[in-house]
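In: Sequence plus predicted model, see below.
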Amino acid sequence: MYHMVRDAIPGKKFNSLRVSPKNFERQIKYLHDTRWHSYTMAEAIEKKEYLPQKSVVITFDDGYQDNLTNALPILQKYGFKATIYLVNDRHNRDWSGYRKAKNEGAGLKDEPKLADDEVRELLDSSLIEIGAHTLTHANLKNLDESESHREICTSKEQIEEQFQTVCQSFAYPFGLYEAKDEKIVADCGYTNAVTTEVGIADLHECDPFKIPRVTVSGKDNFFAFWLKLRMGKRGVKK
């Protein structure tokens, strides 16, 4: 799970979400050189009975502009696919504090987000699947059923209408959700949903609406990335 592919900003919060282009390329090159097979999340679900052992789904949350300017050229260079979970109302919105009030105003609003034409450019590359991440990057645990339904289902409807694509994949913002949200995701017609639970997903065994992911942090060195690829985490505690 990635968010941004850009250099860290000294003194800023959320640098763990910023993986440098240099490190991102080293990680993707390693996957390429060690013969990992790349899929979008929707493809992985559809082909789960036939996936090779070394299969990987690269995901990006939120819809940052650097997913196009910095990540896509590297993905194209090595022939890797990805799923980007897009917040519909992503411009001039600050969700920094939606999970923890102390992070209010911490700067995610200032990060450039993908324009609609840039989303279409990503889709035209044939390497990118666009998934949904709610209308507003909502903290679903704070919403009643009606509000959750609007955030989850209308997000899918707007993506499909705006970008003329089938939106099958969903990511719970902050990894926060309740049983009602899991049911809404399934009822709205998604085929899968990812969480922020740390772990390597076995798509044969896990609930398709509670898929764990491996978090790649901007603070990880290459050894930490290598460990996470094998264990889902970089040590006993993380």
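Out: Yep, it's here.
In: was I right about His137 contacting Tyr85?
Out: No. At 9.9 Å, His137 and Tyr85 do not qualify as touching, with contact defined as C-beta atoms under 8 Å. No exception for glycine: its C-beta is placed from N, CA and C like everyone else's.
In: Check the contact lists of those two and give me the overlap.
Out: Both His137 and Tyr85 are contacted by Asp62, under the criterion C-beta atoms under 8 Å, 6 or more residues apart in numbering.
In: So which of these two has more stuff around it?
Out: Tyr85 (28 against 24; other C-beta atoms under 10 Å).
In: Confirm that that one sits in a helix.
Out: No. According to DSSP: H, G, I helix; E, B strand; the rest coil, Tyr85 belongs to no helix; its state is strand.
In: Any idea what it is bridged to?
Out: Asp61, Gly131 (DSSP bridges).
In: Now do it against Phe170, distance only.
Out: 7 Å (C-beta to C-beta, to the nearest Å).
In: joint contacts of those two?
Out: Gly131, Ala132, His133, Val194.
In: which two from those end up farthest apart in space?
Out: Ala132 and Val194 (11.1 Å; C-beta to C-beta).
In: got any residues that touch both of those two?
Out: Any residue near both Ala132 and Val194 by C-beta under 8 Å, 6+ apart counts here, and that gives Tyr85, Ser169, Phe170, Ala171.
In: Drop anything exposed from the residues you listed.
Out: Taking 16 or more other C-beta atoms under 10 Å as the criterion, what is buried in the shared contacts of Ala132 and Val194 is Tyr85, Ser169, Phe170, Ala171.
In: pretty sure the last one contacts Gly131?
Out: Meaning Ala171. Yes. Contact criterion C-beta under 8 Å: Ala171 and Gly131 qualify, at 6.2 Å.
In: shared neighbours of those two, anything?
Out: Taking C-beta under 8 Å, 6+ apart as the criterion, Ala171 and Gly131 both touch Thr59, Tyr85.
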